[in-house]
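**Student:** output the structure for:
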Amino acid sequence: MKLSSHLPKFFFALADKSLPLFYGLGIILIVIRTIPIKEYGILVLVQSTFYLIQNMNEFLVLRPMVKYLSADLRNGKWVIPHSFVLSVTFFCLTLGIVTVLSSSIGDLLHFPSFSNYLIYLWGLPLAFFLKSFAISILNSQVKPFKVFVIDFVYYMGSLVGILLMFLKNNLDTANDVLYVNIVAALSSSIVSLPFVLRYLSSIELKINRQRFKSIFQFGKYTFGAGIGSTIFQRGDNYVLSAILSPIEVATYNAGRTFMRFFNIISQSVNMLFFPIISRLKSQGREKDIKAVIEKGIGFYILLLYPVIVVLILVAKPLLSFIYGCKYPNAHIVFQILLVGMVFHPFLCISSACLLGLGKPRFNMVSKFISIPLNIIGNIVLIPIIGVYGSAVAVVLYMSTESIFLFFWLKKFTNCTIIGIFTRYRDVLSFGKELIKGAKDIKK
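**Tutor:** Next up is the predicted model:
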């Protein structure tokens, strides 16, 4: 199996997942530096609540849909309509619960105006719904260029909207950013529709209880893992706000926002490895699966580790240049998080490949083991060392989960640490093919 045969798709996947990086730079250079610290903390909490709900729906409903569609496109006639119904039901239930408990949530988070942002918490899922659904369908068929177009409309639309508001001196609060996000998401949802019409033309509108059961059979494990991922990605914001205040949330995220680059890599890896491993597994190509995994991890290590060292060394002057004196301790948060990224190649590739192998239960179990350590770390360390406690808890989480995930991946594929490093010639060859592929795409 030549991993290089998928290079054009990987480049488009990487280009797509680079869009949040450009958007993130806009957030850093415009939003974080412009709006008051407390408003940025509020923005993070509102967006975290939305992404909490969005991510849970993805893992419960959309991931199973991707799995069934990538295995056989003919499954679309039943899995697409059933997934649609489940998604709508899930959003209505979760948003209803948040609405009823909004006052209590605001008191817990030292965020008394939380209920004033319910309009955005309902508006964001509505605006994102078709976009997210279409992207999941396209990902199942490994169509990264079309996904790129859809995401381009959202991220660049949001960035342009924020920039225009800044130039007109209308960028003052979290509300302004959230309004722009909703408009851009609606636009990208409209753009996504033509890309998926052919997949919708053959669906069966008949709803069957057994089909829901099939989705839940796979989704219960991805949902369990998704809960863990969401707690890891968003939970520290809530703990920080509950123990300290939204202002500390802003400081922590000023340092953590630079980790967006690694999230891009993780999402690109999942977008590529999940369907490829799934397809190889269905074809019984065990040897190729082992080769793809070992080459993938080896090449990622080769690229990542030098970057980590450089970023740790330049973190303080870089963040001081960007933020000035507004967030003086953000660089320490960033440096601590970078240490945890040493485990990232094993974590993200193992997770994606276990899903492709049809072993989502082990992703869930790894979350159930590592997430409690993360929560305990936050609760114990935040009162002692403040925002740095959340960063240390992240390192504890990543190291624990990567060890368990790779252990299980090794069990099912026979890939090894030694195997990864003995493929250095293949990795170097792959690097040359990667560069060649980039030149071919430019032509």
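**Student:** output the below-cut-off pLDDT ranges for the stretch 101-250 of the chain.
**Tutor:** 221-222, 224-234 (pLDDT under 70).
**Student:** phi, psi of residue 110?
**Tutor:** In terms of degrees, to the nearest 10, the main-chain angles of residue 110 are phi 50, psi 40.
**Student:** and the gap between it and residue 239?
**Tutor:** To residue 239, residue 110 is 12 Å away according to Cβ to Cβ, to the nearest Å. To be clear about C-beta, it is placed using only N, CA and C from the backbone, and glycine gets the same treatment.
**Student:** and the two? Which one has more around it.
**Tutor:** residue 239 (21 against 18; other Cβ atoms under 10 Å).
**Student:** can you tell me which residues contact the more buried one?
**Tutor:** 375, 378-379, 382, 390 (Cβ atoms under 8 Å, 6 or more residues apart in numbering).
**Student:** swap in residue 115?
**Tutor:** 102-103, 106.
**Student:** let's see 6 Å
**Tutor:** 102-103 (Cβ atoms under 6 Å, 6 or more residues apart in numbering).
**Student:** tell me the helices in the stretch 51-200 of the chain, going along the chain?
**Tutor:** Per DSSP state H, counting those that start in this stretch, the stretch 51-200 of the chain carries helices over the ranges 63-71, 76-100, 102-108, 118-140, 144-167, 174-200.
**Student:** likewise for the stretch 251-400 of the chain?
**Tutor:** Under DSSP H, counting those that start in this stretch, the stretch 251-400 of the chain gives helices at 260-282, 286-323, 330-340, 344-356, 360-385, 387-413.
**Student:** phi first, then psi, for residue 386.
**Tutor:** Residue torsions, per degrees, to the nearest 10, at residue 386 are phi 70, psi -140.
**Student:** now it: how far from residue 326?
**Tutor:** Distance from residue 386 to residue 326, by Cβ to Cβ: 17 Å.
**Student:** okay, the helices of the stretch 251-400 of the chain, which one's buried deepest?
**Tutor:** Among these, the stretch with the highest mean neighbour count (mean count of other Cβ atoms under 10 Å) is helix 344-356, at a mean of 26.
**Student:** let's test this: mean pLDDT of that one, rounded?
**Tutor:** For helix 344-356, mean pLDDT rounds to 83.
**Student:** from the contact counts, what lies against that helix?
**Tutor:** helix 260-282, helix 286-323, helix 360-385, helix 387-413 (3 or more Cβ pairs under 6 Å, 6 or more residues apart in numbering; DSSP states H and E).
**Student:** in a markdown table: the ones you listed, plus mean pLDDT and distance to residue 53.
**Tutor:** A markdown table is the format used below for the helices and strands packed on helix 344-356 (pLDDT from 0 to 100; distance: least, Cβ to Cβ, whole Å):
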| stretch | mean pLDDT | distance to residue 53 |
| --- | --- | --- |
| helix 260-282 | 72 | 18 |
| helix 286-323 | 84 | 30 |
| helix 360-385 | 83 | 18 |
| helix 387-413 | 87 | 22 |
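**Student:** which one, of those helices, ends up nearest to residue 212?
**Tutor:** helix 360-385 (17.3 Å; Cβ to Cβ).
**Student:** helix 344-356 and the closest one, what's the angle between them?
**Tutor:** Interaxial angle, helix 360-385 versus helix 344-356 (axes from the mean of the first three to the mean of the last three Cα atoms, to 10 degrees): 150 degrees.
**Student:** just how off-centre is helix 360-385 within its chain?
**Tutor:** Centroid separation for helix 360-385 versus its chain: 18 Å, with Cα atoms, centre = their mean, to the nearest Å.
**Student:** other SSEs contacting it?
**Tutor:** So helix 360-385, by 3+ Cβ pairs under 6 Å, 6+ apart, packs with helix 209-243, helix 344-356, helix 387-413.
**Student:** out of everything not next to it in sequence, what's closest to residue 124?
**Tutor:** residue 50 (4.6 Å; Cβ to Cβ, 6 or more residues apart in numbering).
**Student:** can you count the residues close to that neighbour?
**Tutor:** Residues near residue 50, counting by other Cβ under 10 Å: 23.
**Student:** wait, it touches residue 122, no?
**Tutor:** No. Using Cβ atoms under 6 Å, residue 50 is not in contact with residue 122, being 9.7 Å away.
**Student:** quick one on the thing from earlier: distance to residue 30 and mean neighbour count for the helices of the stretch 51-200 of the chain - can I get that in JSON lines?
**Tutor:** JSON lines is the format used below for the helices of the stretch 51-200 of the chain (distance: least, Cβ to Cβ, whole Å; neighbours: other Cβ atoms under 10 Å):
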{"stretch": "helix 63-71", "distance to residue 30": "33", "mean neighbour count": "24"}
{"stretch": "helix 76-100", "distance to residue 30": "29", "mean neighbour count": "17"}
{"stretch": "helix 102-108", "distance to residue 30": "27", "mean neighbour count": "14"}
{"stretch": "helix 118-140", "distance to residue 30": "19", "mean neighbour count": "21"}
{"stretch": "helix 144-167", "distance to residue 30": "5", "mean neighbour count": "19"}
{"stretch": "helix 174-200", "distance to residue 30": "9", "mean neighbour count": "18"}
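**Student:** with respect to residue 283, which of those helices lies nearest?
**Tutor:** Each of the helices of the stretch 51-200 of the chain has some distance to residue 283 by Cβ to Cβ; the shortest is helix 63-71, at 10.7 Å.
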